[in-house]
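Enquirer: No letters, just coordinates:
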């Protein structure tokens, strides 16, 4: 039993018709992406959706070939929907509550890219690792020579 | 190791980096922040750039005639990541509910924060201020008025959190025994941002703090001092039940067929048409729901004098053929129907306020 049914929260039989216009917005954005390369993001938290409408929208978009996960300040779920170029990006906090949800119309969501600052730190970390490996190797060689 | 004093000189980006927070995590934080501040997602890179360079401001939080609901709202918020980050990057130097120090030590912390950050700190206030007998509300023997005025002197800006601090709120309701007033009734020479609500939505509180932190300036305000980004539209205009109102489909009682079908709650006293807040989109409990979605009319808690508005369950007006006709005429004249209804309702609300003497059990049951 889902939580709404469990707590008897009312869900109107008639939806308030927000899903169809949103899908049209997605269609326009996808067309724009194909024709001009311009990306778009729709913040689902800024739209007054009726109970059940967000789920209906997500169900309609479905799941495509890519399903990626992040572990950055809590998990994030990045799904390419069954419509190529249309992504559903959901960010959770460390308590697994949704903190934001976007529909991104793009070839590849930016959040998945490695970031330059992180790569710079990674390079430092890798160089330190190599340096400490060399020291360890040198110590090992010396100790073998002593024996 | 990073000490607290050295962190004060660091930018937000440096603070987060020193905590091992990756750039990708920061971008996720910025995406959630843009959503929280009701800014378009296209602003995310600009927010990231501004937040990275932002410096850690000192915040002095004063609580006067209040129920601690505003602080509870903020600290019990479910989107812990954002709130924790915000509180990690601001220096909350005085908050007598949350701080460990008490008595003289607490007051010393307030004075020290004021001296160290004179002209730069943010003063947050929750609760109204009694202007009658100063003994109605004191902290460490200091009257609320004295503490407010003394602390305001060196503040860069003031954020009045909750309807009590913004407009007097429940202590100000008739007959207002303590002579309660709002922050803006007393402070005239500082920028004041009102963040009303009883309590305000947690992410609206943090959103306003973040907006100040990000852009270093107060946001655009409406005519009663509220940030337009959160309070720019009536609940009614953003309500998912609005299409039912437009079709004339109303719940008449809390258990009739209309209520079960989720129709408009206007006739059950909903104050959505005259109330400006972000509940219909931001919602509560981490976006789970808001009163109207749970089947209860909006009480109008982010409006001045909402407690004296004429009864929570009394309709602002009963939509009749006349109102429908007026709406049609208004629409035909090119005026948004919602605006026309809002104007009509404001007039009726004002009339109700004038006619109203006191709220009785009968009022609540109507």
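Expert: Yes, it's here. Fair warning: this is a prediction, and the values are worked out from it, not measured in the lab.

Enquirer: Every contact and neighbour count from this point should use C-alpha atoms.
Expert: OK.

Enquirer: And chain A, what are its domain boundaries?
Expert: Per automatic domain parsing, the structural domains of chain A span A:3-111, A:114-147.

Enquirer: Can you say which of those domains is nearest to residue B:91?
Expert: The minimum distance between residue B:91 and the domains of chain A falls on domain A:3-111, with 21.0 Å, by C-alpha to C-alpha.

Enquirer: Turn the domains of chain A into a markdown table, including mean neighbour count, distance to chain B and mean pLDDT.
Expert: Formatted as a markdown table, the domains of chain A follow (neighbours: other C-alpha atoms under 10 Å in any protein chain shown; distance: least, C-alpha to the nearest C-alpha, whole Å; pLDDT from 0 to 100):
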| stretch | mean neighbour count | distance to chain B | mean pLDDT |
| --- | --- | --- | --- |
| domain A:3-111 | 17 | 4 | 86 |
| domain A:114-147 | 12 | 6 | 87 |
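
Enquirer: Arrange those in a markdown table, one row each, with distance to residue B:186 as further columns.
Expert: Below are the domains of chain A laid out as a markdown table (distance: least, C-alpha to C-alpha, whole Å):
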| stretch | distance to residue B:186 |
| --- | --- |
| domain A:3-111 | 35 |
| domain A:114-147 | 47 |
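
Enquirer: among those domains, which is nearest residue B:195?
Expert: domain A:3-111 (18.9 Å).

Enquirer: how distant is the closest one from the center of its chain?
Expert: In terms of C-alpha atoms, centre = their mean, to the nearest Å, the centre of domain A:3-111 is set 10 Å apart from its chain centre.

Enquirer: try stretch B:240-247
Expert: The chain centroid and the centroid of stretch B:240-247 are separated by 26 Å under C-alpha atoms, centre = their mean.

Enquirer: mind listing what's buried in that stretch?
Expert: Across stretch B:240-247, burial judged by 16 or more other C-alpha atoms under 10 Å in any protein chain shown covers B:240-245.

Enquirer: filter those down to the ones close to chain A.
Expert: Among the buried residues of stretch B:240-247, the ones lying near chain A by C-alpha under 8 Å from any C-alpha of the partner chain are B:240-241, B:243.

Enquirer: so where do the helices sit in chain A?
Expert: If DSSP state H is used as the criterion, the helices of chain A fall at A:3-6, A:19-36, A:53-61, A:116-146.

Enquirer: Make JSON lines out of those and add distance to residue B:60.
Expert: Formatted as JSON lines, those follow (distance: least, C-alpha to C-alpha, whole Å):
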{"stretch": "helix A:3-6", "distance to residue B:60": "40"}
{"stretch": "helix A:19-36", "distance to residue B:60": "43"}
{"stretch": "helix A:53-61", "distance to residue B:60": "40"}
{"stretch": "helix A:116-146", "distance to residue B:60": "34"}
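
Enquirer: what does the stretch 201-350 of chain B put close to chain A?
Expert: Residues of the stretch 201-350 of chain B lying near chain A by C-alpha under 8 Å from any C-alpha: B:238-241, B:243, B:260-263, B:280-282, B:286-287, B:293-295.

Enquirer: and if we set it to 6 Å?
Expert: Within the stretch 201-350 of chain B, the residues that sit near chain A (C-alpha under 6 Å from any C-alpha of the partner chain) are B:238, B:240, B:261-262, B:281.

Enquirer: Would you mind measuring from the residue nearest to residue B:241 when sequence neighbours are not counted to chain A?
Expert: Leaving aside its chain neighbours, residue B:241 sits nearest to residue B:264 (5.4 Å; criterion: C-alpha to C-alpha, 6 or more residues apart in numbering or on different chains). Going from residue B:264 to chain A by C-alpha to the nearest C-alpha, to the nearest Å gives 11 Å.

Enquirer: Verify the contact between residue B:264 and residue B:247 for me.
Expert: No. Using C-alpha atoms under 6 Å, residue B:264 makes no contact with residue B:247, being 9.5 Å away.

Enquirer: Tell me how chain B divides into domains.
Expert: Split into domains by automatic domain parsing, chain B comes to B:57-230, B:235-365.

Enquirer: For residue A:105, which of these is the nearest?
Expert: Closest among those, once you apply C-alpha to C-alpha, is domain B:235-365, at 21.8 Å.

Enquirer: Low-confidence ranges, the stretch 251-366 of chain B, go.
Expert: The stretch 251-366 of chain B contains residues with pLDDT under 70 at B:318-366.
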